[in-house]
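In: What follows is a predicted structure for the sequence shown.
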Amino acid sequence: MRETREDKVQGYDIIGDIHGHAEVLENLLEHMGYEQGGTGYSHPNRKVVFLGDFIDRGEELRQHRRLLDTVMAMVDNDHALAVMGNHEFNALAFHTINEGNPLRAHDEKNIKQHRAFLNEFAHDPDEKARVLAFFYRLPLWLELELGAQKMRVIHACWSEAHLRTAQDILADARLSEASLISASEEGTALFEAVEVLLKGYETSLPEGITFLDKDKNARDAVRVQWWKDTASTLGEVALPLGVDLQEAAALPVPRGMPRYGREEVPCFIGHYWLNGAPGPLADNVACLDYSIAKSGKLVAYRWSGEQSLDRKNFTWC
């Protein structure tokens, strides 16, 4: 989805995964010069772009209503733009019944992950419906222009092939209830596209090689660092960083792995649970998910049109 802003907007502040941390978001907005008014937080000449994953994580967290009130007011009053994260997609699937069953299973693992949201909305169906309707309004990606300069925003992976698939099916890069059903059905073209765009490109590991993810679930596939356009081995691109792939580390990169060339415009992503000092992943790619849900940082990048991303433009709380 393309949007051009040539009026008063002089820059965009792209904010990573928030996972219900309303107070930290408010602190970050105020740190960047946004002020609370009758239409929500706003800045005289800048606009926020949210990277999705507003919800879930932290079973005892009780800030989802406050967080979503802040975000929805900013988007509704044109103080912010936002794309969908995999947790918004999961929530829509969790709360949508198709042929007598939820699109996302109500099993122990999924309920635990979604518990913080359920704690606040399970007994308020009208408010829950309003929030889910907002999630449907979120595009899967954005291409923005600031004067002659361009940038891209997506939650997990900018893959041209999967974007084309989704673009052929979706209106304005947004899901409908019908397309949500298709995107939740393994084996469809839209399922594969949404998996990559919102969760990242994965490749299977050789039989017998597994690792534990951040939630202690055994995994037999790894996500890849698609922004490493010159990498040649699986070990160079495997995620999470530092994962022990044993002999699989020497395998060539997956044949179908998306690549993001150095000549492409800047692209901002979330999703990948980074740690340490924020900085670009490549000259033209920045991840802004620094694990706020695991006692990390809520990070923003203050973009004013530069095509080579600069470490000094990261800020956080």
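Out: Yes, it's here.
In: count of residues packed around Phe135?
Out: 24 (other Cβ atoms under 10 Å). Using the backbone N, CA and C atoms, a C-beta is placed for each residue, glycine as well.
In: From the chain's centroid, how far away is the helix or strand where it lies?
Out: Taking DSSP states H and E as the criterion, Phe135 maps to helix 125-136. Relative to the centre of its chain, helix 125-136 is centred 19 Å away, using Cα atoms, centre = their mean, to the nearest Å.
In: try stretch 127-143
Out: Relative to the centre of its chain, stretch 127-143 is centred 13 Å away, using Cα atoms, centre = their mean.
In: and if you look at stretch 266-275?
Out: 8 Å.
In: same thing with stretch 46-64?
Out: 11 Å.
In: Buried residues in it, which are they?
Out: By neighbour count with 16 or more other Cβ atoms under 10 Å, stretch 46-64 contains the buried residues 46-58, 61, 63-64.
In: Which residue in those has the weakest pLDDT?
Out: Here the lowest pLDDT out of those sits on Gly58, with 68.
In: then the helix or strand following the helix holding Phe135 to PDB, C-alphas only?
Out: Going down the chain from helix 125-136, the next helix or strand is strand 141-146, by DSSP H and E. Extracted C-alpha coordinates of strand 141-146, given in PDB (Å, rounded to 0.1, in the frame of the first residue of the first chain):
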ATOM      1  CA  TRP A 141       2.800  -3.300   4.400                       C
ATOM      2  CA  LEU A 142       3.300   0.400   3.500                       C
ATOM      3  CA  GLU A 143       5.400   2.200   1.000                       C
ATOM      4  CA  LEU A 144       5.800   5.900   2.000                       C
ATOM      5  CA  GLU A 145       7.200   9.000   0.300                       C
ATOM      6  CA  LEU A 146       8.700  12.000   1.900                       C
END
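In: Distance check, Val194 against Phe314.
Out: Counting by Cβ to Cβ, to the nearest Å, the gap from Val194 to Phe314 is 28 Å.
In: Give me the distance between the two termini of stretch 100-115.
Out: By Cα to Cα, to the nearest Å, the extent of stretch 100-115 from end to end equals 22 Å.
In: For the buried residues of stretch 46-64, work out which two are farthest apart.
Out: The distance between the two most remote of these (Cβ to Cβ) is 28.9 Å, for Arg46 and Gly58.
In: picking that back up, among the buried residues of stretch 46-64, name the ones in helices.
Out: By the criterion of DSSP state H, membership of these in helices covers His64.
In: now, among the buried residues of stretch 46-64, which is nearest to Thr96?
Out: Nearest to Thr96 among the buried residues of stretch 46-64 is Ile55, at 15.6 Å by Cβ to Cβ.
In: quick one: contacts for that closest one?
Out: Applying Cβ atoms under 8 Å, 6 or more residues apart in numbering to Ile55 gives the contacts His19, Gly20, His64, Leu67, Leu68, His87, Glu88, Ala91, His114, Ala116, Phe117.
In: So which of those are in helices?
Out: His64, Leu67, Leu68, His87, Glu88, Ala91, His114, Ala116, Phe117.
In: Please settle this for me: is Tyr260 part of a helix?
Out: No. Counting by DSSP: H, G, I helix; E, B strand; the rest coil, Tyr260 falls outside a helix, being coil.
In: From Ser176, how far off is it?
Out: On the measure of Cβ to Cβ, Tyr260 and Ser176 end up 29 Å apart.
In: So which of these two has more stuff around it?
Out: Tyr260 (21 against 13).
In: Contact partners for that one?
Out: Trp158, Trp226, Trp227, Asp229, Cys267, Ala282, Asn284, Val285.
In: Lowest-confidence one in those?
Out: Asp229 (89).
In: okay, now that residue: neighbour count?
Out: When neighbours are defined as other Cβ under 10 Å, Asp229 has 16 of them.
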